[in-house]
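S.K.: fold the following for me, if possible:
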Amino acid sequence: MADGALNRSDEARARAYALPLEDMNPGDPELFRTDSFWPYFERLRAEDPVHYCRDSEFGPYWSVTRYEDIMAVDTNHAVFSSDAALGGITIRDARPDLRRSSFIAMDPPRHDVQRKTVSPIVSPMNLHMMEPIIRGRVAEILDALPVGQPFDWVDRVSIELTTQMLATLFDFPFEQRRKLTRWSDVATTIPYAGGLVETEEARQAELMECLAFFTDLWNERVNQPPRGDLVSMLAHGEATRNMSPDEYLGNIILLIVGGNDTTRNSITGGLLALNQNPEEYAKLKANPGLVASLVPEIIRWQTPLAHMRRTATEDVQLGGKTIRKGDKVVMWYVSGNRDERAIPEPERFIIDRERPRQHLSFGFGIHRCVGNRLAELQLKIVWEEVLKRFSHIQVLEEPERVRSSFVKGYERMLVKISR
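M.R.: Predicted coordinates:
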């Protein structure tokens, strides 16, 4: 695994540095599928930290690649808008007739009141109540894993745990919980021949199935007293109870993707990072108390959402460049998390890092991830329970990665466990 990865890394570096800057398209999904995007961002941070890509499958866009510049964009929601009507939060524009609002794709004041409706589900008290439930499920999942036989960690652990958690948050029929995984994947995929879905029409048809299922849940909950699940919160919330079907679907997809992709890919990415850095894995086994700092380091290292996008609402200067009103601006969190100007030794995976929460993976400002503490809690429990049970989990081959420059994730990763 290591030799092949090194060769690919050398080839990617040669290509990245041979390309004229004006021809660089760091958002190419193929770079993420092959894990070869790193040198492109390394070069942009050094030579052109606010970079204009004039042509791509997503149209022209600006790349913001340094930590401080990303924070400047992320915290200035007046100038850099998330509004779905302007294009939303990903490098890929939705067709104008398919743009759906959700509170992450809104600006204040609508954003603030909708976010406030669902935030109680991740309150400290709720997280305290969830902890034994999560721990019990993690134990059950880990105890069912085969020892000494290859299996897919993504499917058996990462997806299974996060999908069970989502089913609980929505009070979704537990035996049908894998629908949530499918809808999450379909919502974030880019259709292509041989892909998860091949056309935008097929993608929309599956999202309409999602809406129909959740509309039935809404109709059931709205006629019952308010409860503690997300559907009930939306159905009874003053700011959300009169949403259009499109806006309801937008918020449901946001909550599914936010609760699924980030945690799921960090569970896989953390195991991969420990295998790539065996001295850190040994350090963790010798001192399981390091899980507390391991978790945020995994989230920085993985950066489960590679970017967020904004649209300029006026002409603005950033990094010596003039961004025009209406321009698409992409904040590359995956690059900012490797910026040596802000993070000491960012290319190293260090599980006892002095300031492990200094990272961009959850965003900044009003759109900072609402479920960040729940994600950290799930990862913490996973690693506490793994260390109790297994002496070693070996990654057997390079994982298969998602073809996406938005979700930085894994399709499959074969592993073998030793007790």
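S.K.: please make it C-alpha for all contacts and neighbour counts, starting now.
M.R.: Will do.
S.K.: which parts of the stretch 101-250 of the chain are strands?
M.R.: 151-152 (DSSP state E, counting those that start in this stretch).
S.K.: quick one: low-confidence ranges for this protein?
M.R.: Filtered on pLDDT under 70, the chain yields the residue ranges 1-7, 94-114.
S.K.: tell me who's in contact with the residue nearest to Gly228 when sequence neighbours are not counted.
M.R.: In this structure, Gly228 finds its nearest non-sequential neighbour in Ile121, 7.0 Å apart by Cα to Cα, 6 or more residues apart in numbering. Contact analysis of Ile121 by Cα atoms under 8 Å, 6 or more residues apart in numbering lists Leu127, Leu169, Gly228, Asp229, Leu230.
S.K.: most surrounded residue in those?
M.R.: Among the contacts of Ile121, Leu230 has the most neighbours (other Cα atoms under 10 Å), with 23 neighbours.
S.K.: got a list of what the residue nearest to that one when sequence neighbours are not counted touches?
M.R.: Leaving aside its sequence neighbours, Leu230 sits nearest to Phe170 (Cα to Cα, 6+ apart; 5.0 Å). By Cα under 8 Å, 6+ apart, the contact list for Phe170 reads Asp229, Leu230, Val231.
S.K.: and what of Leu230?
M.R.: By Cα under 8 Å, 6+ apart, Leu230 lies in contact with Val118, Ile121, Leu169, Phe170, Asp171.
S.K.: let me see the backbone angles for the residue lying closest to the third one once chain neighbours are set aside.
M.R.: Beyond its immediate neighbours in the sequence, the residue positioned closest to Leu169 (Cα to Cα, 6+ apart) is Asp229, lying 5.4 Å away. Here the main-chain torsion angles of Asp229 (degrees, to the nearest 10) amount to phi -90, psi 160.
S.K.: is it true that Asp229 touches Asp171?
M.R.: Yes. Counting by Cα atoms under 8 Å, Asp229 does reach Asp171; the two are 5.9 Å apart.
S.K.: gap between Ala12 and Asn277?
M.R.: 21 Å (Cα to Cα, to the nearest Å).
S.K.: got it, and Ser184?
M.R.: 30 Å.
S.K.: these two: who's more crowded?
M.R.: Shown here are Ser184 and Asn277; by other Cα under 10 Å, Ser184 has more neighbours (23 against 14).
S.K.: so what's the spatially closest residue to that one that is not a sequence neighbour up against?
M.R.: Take Ser184 and drop its neighbours on the chain: the residue closest to it by Cα to Cα, 6+ apart is Val257, 5.2 Å away. Val257 is in contact with Ser184, Asp185, Ala187, Thr188, counting by Cα under 8 Å, 6+ apart.
S.K.: name the helix or strand for Val257, please.
M.R.: helix 245-276 (DSSP states H and E).
S.K.: can you give the distance from that helix to the centre of its chain?
M.R.: 5 Å (Cα atoms, centre = their mean, to the nearest Å).
S.K.: quick check: next helix or strand after it?
M.R.: Following helix 245-276 toward the C-terminus (DSSP H and E): helix 278-286.
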